[in-house]
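Participant: no sequence on this one, just coordinates:
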């Protein structure tokens, strides 16, 4: 997986990963928040195989995760291309954001 869209909302994360040079979805997973540290670690672990990440969501959770990444996993924080407000996510929406922001 080289590109990933992460959507954070209501203590839940949805990850949509894309294969190189393809519009197909490589991986879709959901992560539920139990406690913030484990939740953010699990999200960060899911970013290991990516080269580019878009972070989306309607509230401050995406900003909190970005700050956490820059403090605890700086190497992964550098993979963030953009942090974008969004009210919803679907595979089609993720593809649109991918075309606009990712290589």
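Facilitator: That came through fine. As the structure is a computational prediction, the values presented were derived from the model and not from experiment.
Participant: ranges for the helices of this structure?
Facilitator: Assigned by DSSP state H, the chain shows helices spanning 36-46, 61-72, 74-77, 91-101.
Participant: quick one: which of those helices is nearest residue 10?
Facilitator: Proximity to residue 10 (CB to CB) singles out helix 61-72 among the helices of the chain, at 8.2 Å. Any C-beta I mention is one placed from the backbone N, CA and C, and that applies to glycine too.
Participant: Taking their axis directions, that closest one and helix 36-46 sit at what angle?
Facilitator: Computed by axes from the mean of the first three to the mean of the last three CA atoms, to 10 degrees, the angle separating helix 61-72 from helix 36-46 equals 80 degrees.
Participant: circling back: redo the helices of the chain as JSON lines? Include distance to residue 20.
Facilitator: Putting the helices of the chain into JSON lines (distance: least, CB to CB, whole Å) gives the following:
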{"stretch": "helix 36-46", "distance to residue 20": "17"}
{"stretch": "helix 61-72", "distance to residue 20": "23"}
{"stretch": "helix 74-77", "distance to residue 20": "19"}
{"stretch": "helix 91-101", "distance to residue 20": "12"}
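Participant: Turn those helices into JSON lines, including distance to residue 16, mean pLDDT and mean neighbour count.
Facilitator: Shown next, in JSON lines, are the helices of the chain (distance: least, CB to CB, whole Å; pLDDT from 0 to 100; neighbours: other CB atoms under 10 Å):
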{"stretch": "helix 36-46", "distance to residue 16": "11", "mean pLDDT": "86", "mean neighbour count": "16"}
{"stretch": "helix 61-72", "distance to residue 16": "15", "mean pLDDT": "92", "mean neighbour count": "16"}
{"stretch": "helix 74-77", "distance to residue 16": "17", "mean pLDDT": "92", "mean neighbour count": "14"}
{"stretch": "helix 91-101", "distance to residue 16": "4", "mean pLDDT": "89", "mean neighbour count": "15"}
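Participant: Nothing else from me, thank you.
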